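[1] A predicted structure for the sequence below; I have some questions about it.
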Amino acid sequence: MPDAPPRQPEPAGTAFWLLALGGLLLVVTGWLLPWFVEPTSSGVGFSGQDAAVSFNGPGTLLLDLLGVCMVCLLVGLAADAVRRRRSPQSPLPLTRARGAIALAGAALTLLIWYIVGVQRAEPLFGTISADAIADNAVWMTLTGFLVLAFAYGLRGWVLRHGGVALAIVAVCFGAAFPFIFNASNNGIDIIVWGAQFAGIYTLLALGLNVVVGFAGLLDLGYAAFFAIGAYTTASLASSAHGVHLPFWVLLFAGAAVAGLFGVILGAPTLRLRSDYLAIVTLGFGEIVPDMATNNAFNQTGGPNGLSGVDQPSLFGHNFGLFGINPKPYFYAILVLIVLVILVLRNLERSRLGRAWVALREDEIAAAATGINTVTTKLLAFSIGASVSGFAGAFFGAMLGSVGPENFSFAVSVTAISTVVLGGIGNITGAAVGGLVVSFVIFWVLPHLQGWGTTLGATTGVPTLGTIDYSKYTYIVYGVILIGIMLVRPSGLIPSRARKIELQGTQTESLAATQGRS
């Protein structure tokens, strides 16, 4: 009996590359930022790069070793990128060795923190008082090394279960997020961003992925259901109408009302296809904010919206003001995202999920096999609308006020961008797209001015600080989207069915491939 052919090593997958790049980004950023600051300062102090160039005791040697670990991992990943460019199927060498290097970097980070931050044994990061605290950079560096150790040390498992690996890292990172960014005033800002933008747009992307990704329906008015959920919360938890329902009841009420409007809109219009359906949803998306602005039925408060929404509470514990204490809101939306992903994952693998992908592949063939196309599309539309209403209900309770300016057409466009960028039809891809797009739009672009000023002062080119970057916000955003789409036309993490559909090389039905990674 002939011997079985040797098993070919599996090339690195998208999940592995995302983890490796994300981990290195955290490590490099932590190396360039201050490690220890005074409680009254923000971002003022010595970085790892500053401390590594001057000898201040044995701790300098430890910091230099940490820098060697970072450089080894950077060079290794760059070499891997070149190797994969030349031969996409080639395996990555020395993955376990790199996992050990990453673990060593994590151990060195903790040891340096203990020597300087706890024992105050040597002035490695300059002269600091006894009240100095470890800044965000320490925990960013530690987290980055741990992510790299996970990606390299368990590479085989990551390749086989890419979506699960990303989910594990995302949940762990999300749980640690408020602690990683907690040392300075800027840390509060990024936690606010995480709850208000990253969390909300991740929920919107997950819901819209049901409509666009699973069922293949183009919805250009998705912000309308977001607004309906938010106004439901503002109406049922404020003095505007004398009703004060509990927060957790409001979440499901917002989802139910938005889902009902999804049925009302979809029932007469889902017999339309492609561009015609897109025009109808676009019109609906414009009608709802305009009605809110005009104080429809004297219920929406007009241009000023509704304010004084009750603060959320859980088991008698009040969350407090969002701008002062955003942590409870961040953890709450993290739990909601996990619950929505679990529900949508089960739906994707159910009979209804396979009906959706069959409908997207060929509506006529799906109808011929006995699928009720109108009902199936209506379910996708209403479920997607419910998730959007869910996000809107949380959004209204979080901010404490709701106004029509929060639900413009730009919200729908951004939601579509997250799904397309992340990977149409892939739950993990939609979540990653929501994080990436919200990070670019609501964190990177607003901080370009400050970063340009700092970079200009550091490089001796002050002109970089005089540019008004706000004029080029959408240009930069557009260039980033175009670049990513040119490199990854199927999205960052496309579903197997969608990837086969775009490549045009399928040998089996797309419905048969649905749910595989």
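    That came through fine. Predicted, not measured: the structure shown is a model, and the values here were computed from it. Numbering: from 1, shown residues only.
[2] elements contacting the host helix or strand of residue 352?
    Using DSSP states H and E, the element containing residue 352 is helix 351-361. Judged by 3 or more C-beta pairs under 8 Å, 6 or more residues apart in numbering; DSSP states H and E, helix 351-361 is in contact with helix 363-368, helix 373-399, helix 510-513. Yep, even glycine has a C-beta here, placed from its N, CA and C like the rest.
[3] report the buried residues of that helix.
    Using 16 or more other C-beta atoms under 10 Å as the burial criterion, the residues of helix 351-361 that qualify are 352-361.
[4] if you average pLDDT over it, what comes out?
    Across helix 351-361, pLDDT averages out at 87.
[5] please apply the same query to stretch 84-103.
    The pLDDT scores in stretch 84-103 average 80.
[6] alpha carbons only: can I get that stretch in CSV?
    What follows is stretch 84-103 as a C-alpha-only set of coordinates in CSV (Å, rounded to 0.1, in the frame of the first residue of the first chain):
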residue,chain,number,x,y,z
ARG,A,84,3.9,35.3,0.8
ARG,A,85,3.9,37.8,-2.0
ARG,A,86,6.3,35.6,-4.0
SER,A,87,4.7,32.3,-3.0
PRO,A,88,1.2,32.5,-1.4
GLN,A,89,1.3,28.8,-0.4
SER,A,90,4.6,28.9,1.3
PRO,A,91,4.6,28.2,5.1
LEU,A,92,5.9,30.6,7.7
PRO,A,93,9.2,29.5,9.4
LEU,A,94,10.1,29.6,13.1
THR,A,95,6.6,30.4,14.3
ARG,A,96,7.2,28.7,17.7
ALA,A,97,10.4,30.6,18.1
ARG,A,98,8.6,33.9,17.5
GLY,A,99,5.9,32.9,20.0
ALA,A,100,8.7,32.4,22.5
ILE,A,101,10.2,35.8,21.6
ALA,A,102,6.8,37.4,22.1
LEU,A,103,6.4,35.7,25.5
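[7] circling back: quick one: which of the helices and strands packed on helix 351-361 is nearest residue 314?
    Nearest to residue 314 among those is helix 373-399; the distance by C-beta to C-beta comes to 11.7 Å.
[8] and that closest one, how far from the chain's centre?
    19 Å (C-alpha atoms, centre = their mean, to the nearest Å).
[9] which elements pack onto it?
    helix 200-208, helix 223-236, helix 247-269, helix 327-348, helix 351-361, helix 363-368.
[10] possible to save the helices and strands packed on helix 351-361 as TSV with mean neighbour count?
    Formatted as TSV, the helices and strands packed on helix 351-361 follow (neighbours: other C-beta atoms under 10 Å):
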stretch	mean neighbour count
helix 363-368	13
helix 373-399	26
helix 510-513	18
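[11] which one of the ones you listed lies nearest to residue 426?
    When the helices and strands packed on helix 351-361 are compared by C-beta to C-beta, helix 510-513 sits nearest residue 426, at 11.9 Å.
[12] hey, what's the angle from the helix holding residue 352 to helix 373-399? Just curious.
    On the basis of axes from the mean of the first three to the mean of the last three C-alpha atoms, to 10 degrees, helix 351-361 is oriented at 110 degrees to helix 373-399.
[13] so what angle separates the directions of helix 351-361 and helix 327-348?
    On the basis of the same axes, to 10 degrees, helix 351-361 is oriented at 80 degrees to helix 327-348.
[14] re earlier: I'd like to know which of the helices and strands packed on helix 373-399 lies nearest to residue 150.
    Judged by C-beta to C-beta, the one of those that comes nearest to residue 150 is helix 327-348, at 18.8 Å.
[15] all strands for the chain, in order.
    Per DSSP state E, the chain carries strands over the ranges 36-37, 133-134, 237-238, 243-244, 306-307, 313-314, 317-318, 401-402.
[16] which regions of the stretch 401-517 of the chain lie under the pLDDT threshold?
    The model of the stretch 401-517 of the chain has pLDDT under 70 over residues 454-455, 457-460, 495-517.
[17] quick one, helices of it?
    Along the stretch 401-517 of the chain, counting by DSSP state H, counting those that start in this stretch, helices occupy 409-422, 427-439, 448-459, 473-487, 496-503, 510-513.
[18] so which of the ones you listed is the most packed in?
    Highest mean neighbour count of the helices of the stretch 401-517 of the chain: helix 427-439, a mean of 26 (counted as mean count of other C-beta atoms under 10 Å).
[19] what lies in contact with that helix?
    Applying C-beta atoms under 8 Å, 6 or more residues apart in numbering, the contact partners of helix 427-439 are 15, 18, 162-163, 166-167, 170, 193, 197-198, 200-206, 208-209, 213, 337, 341, 344-345, 348, 414, 417-423, 491-495.
[20] show me what contacts residue 197?
    438, 441-443.
[21] what's the closest of those to residue 31?
    residue 443 (19.8 Å).
[22] my read: the closest one touches residue 194, true?
    No. Applying C-beta atoms under 8 Å, one finds residue 443 not in contact with residue 194, separated by 9.4 Å.
[23] more neighbours: the two, which one.
    Shown here are residue 443 and residue 194; by other C-beta atoms under 10 Å, residue 194 has more neighbours (25 against 15).
[24] what's the neighbour count on the nearest residue to that one once chain neighbours are set aside?
    Take residue 194 and drop its neighbours on the chain: the residue closest to it by C-beta to C-beta, 6 or more residues apart in numbering is residue 330, 5.4 Å away. Residue 330: 24 surrounding residues under other C-beta under 10 Å.
[25] gap between residue 330 and residue 421?
    23 Å (C-beta to C-beta, to the nearest Å).
[26] also residue 226?
    Applying C-beta to C-beta to residue 226 and residue 421 gives a distance of 19 Å.
[27] can you check residue 336 too?
    Relative to residue 421, residue 336 is positioned 22 Å away (C-beta to C-beta).
[28] same deal with residue 361?
    Distance of residue 361 to residue 421, computed by C-beta to C-beta: 23 Å.
[29] quick one: the helices and strands packed on helix 351-361 as CSV, columns for distance to residue 252 too.
    CSV is the format used below for those (distance: least, C-beta to C-beta, whole Å):
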stretch, distance to residue 252
helix 363-368, 31
helix 373-399, 8
helix 510-513, 31
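[30] among these, which is nearest residue 29?
    helix 373-399 (27.3 Å).
[31] neighbours of residue 34, how many?
    By other C-beta under 10 Å, the residues close to residue 34 number 25.
[32] wait, residue 276
    Neighbour count of residue 276, defined by other C-beta under 10 Å: 11.
[33] and for residue 108?
    21.
[34] still on that earlier bit, quick one: closest of the helices and strands packed on helix 373-399 to residue 290.
    When the helices and strands packed on helix 373-399 are compared by C-beta to C-beta, helix 223-236 sits nearest residue 290, at 10.4 Å.
[35] for residue 244, list the residues it contacts.
    Counting by C-beta under 8 Å, 6+ apart, residue 244 makes contact with 236-238, 310.
[36] looking at these, which is nearest residue 298?
    For the contacts of residue 244, the residue nearest residue 298 by C-beta to C-beta is residue 238; the value is 14.6 Å.
[37] pretty sure that closest one is in contact with residue 309, am I right?
    Yes. If you go by C-beta under 8 Å, residue 238 and residue 309 touch, sitting 4.8 Å apart.
[38] who's more crowded, these two?
    Just comparing residue 238 and residue 309: by other C-beta under 10 Å the higher neighbour count belongs to residue 309, 25 against 22.
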